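# Sequence first, predicted model second:
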Amino acid sequence: MPLYAMTLLAVGPPDEFRLSAERHRAHLRLLRAAGKVRLAGEFTKEEGFLEIYEVADRLEADALARSSPLVEDGLASWMIREWVELPLD
């Protein structure tokens, strides 16, 4: 299945972003349990998130990005790119 890298960058007031980020983390746990998130992490200083989705296609990746509480609340900008993991062995 293809991989997609998604970045979410904070654009809203820090207090609002912080509250919405808690909901986003819960959302990520649900996506991980459904097998749609391979990796996720946060940038320091509450600047946003980086996530690697493992989904069928770009449309599904876009739908996941739009379903984030941070995106729904208008507190983060986002970008998705198809991503290929390099074999470093």
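Thanks, I have the structure now.
# Ends of stretch 4-19, what's the gap?
For stretch 4-19, the first-to-last residue distance is 26 Å (Cα to Cα, to the nearest Å).
# and it, how far from the chain's centre?
Relative to the centre of its chain, stretch 4-19 is centred 10 Å away, using Cα atoms, centre = their mean, to the nearest Å.
# Repeat that for stretch 33-52.
The answer for stretch 33-52 is 5 Å, by Cα atoms, centre = their mean.
# Just the C-alphas of that stretch, formatted as PDB.
Output of stretch 33-52 as PDB, limited to C-alpha atoms (Å, rounded to 0.1, in the frame of the first residue of the first chain):
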ATOM      1  CA  ALA A  33      -5.700   1.100  15.600                       C
ATOM      2  CA  ALA A  34      -7.400   1.000  12.200                       C
ATOM      3  CA  GLY A  35      -4.000   0.400  10.500                       C
ATOM      4  CA  LYS A  36      -3.900   3.700   8.600                       C
ATOM      5  CA  VAL A  37      -1.000   5.400  10.400                       C
ATOM      6  CA  ARG A  38       2.400   3.900  10.300                       C
ATOM      7  CA  LEU A  39       4.200   6.700  12.200                       C
ATOM      8  CA  ALA A  40       3.300  10.000  13.900                       C
ATOM      9  CA  GLY A  41       5.100  12.600  15.900                       C
ATOM     10  CA  GLU A  42       5.000  16.200  17.000                       C
ATOM     11  CA  PHE A  43       7.400  19.000  16.300                       C
ATOM     12  CA  THR A  44       8.800  20.800  19.300                       C
ATOM     13  CA  LYS A  45       7.300  23.900  20.700                       C
ATOM     14  CA  GLU A  46       3.800  22.900  19.700                       C
ATOM     15  CA  GLU A  47       4.500  23.700  16.100                       C
ATOM     16  CA  GLY A  48       2.600  20.800  14.600                       C
ATOM     17  CA  PHE A  49       2.700  17.200  13.600                       C
ATOM     18  CA  LEU A  50       4.300  14.900  11.000                       C
ATOM     19  CA  GLU A  51       2.400  11.700  10.100                       C
ATOM     20  CA  ILE A  52       3.000   8.800   7.700                       C
END
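# Report the buried residues of it.
36, 37, 38, 40, 48, 49, 51 (16 or more other Cβ atoms under 10 Å). The C-beta positions use only the backbone N, C-alpha and C, and glycine is treated the same way.
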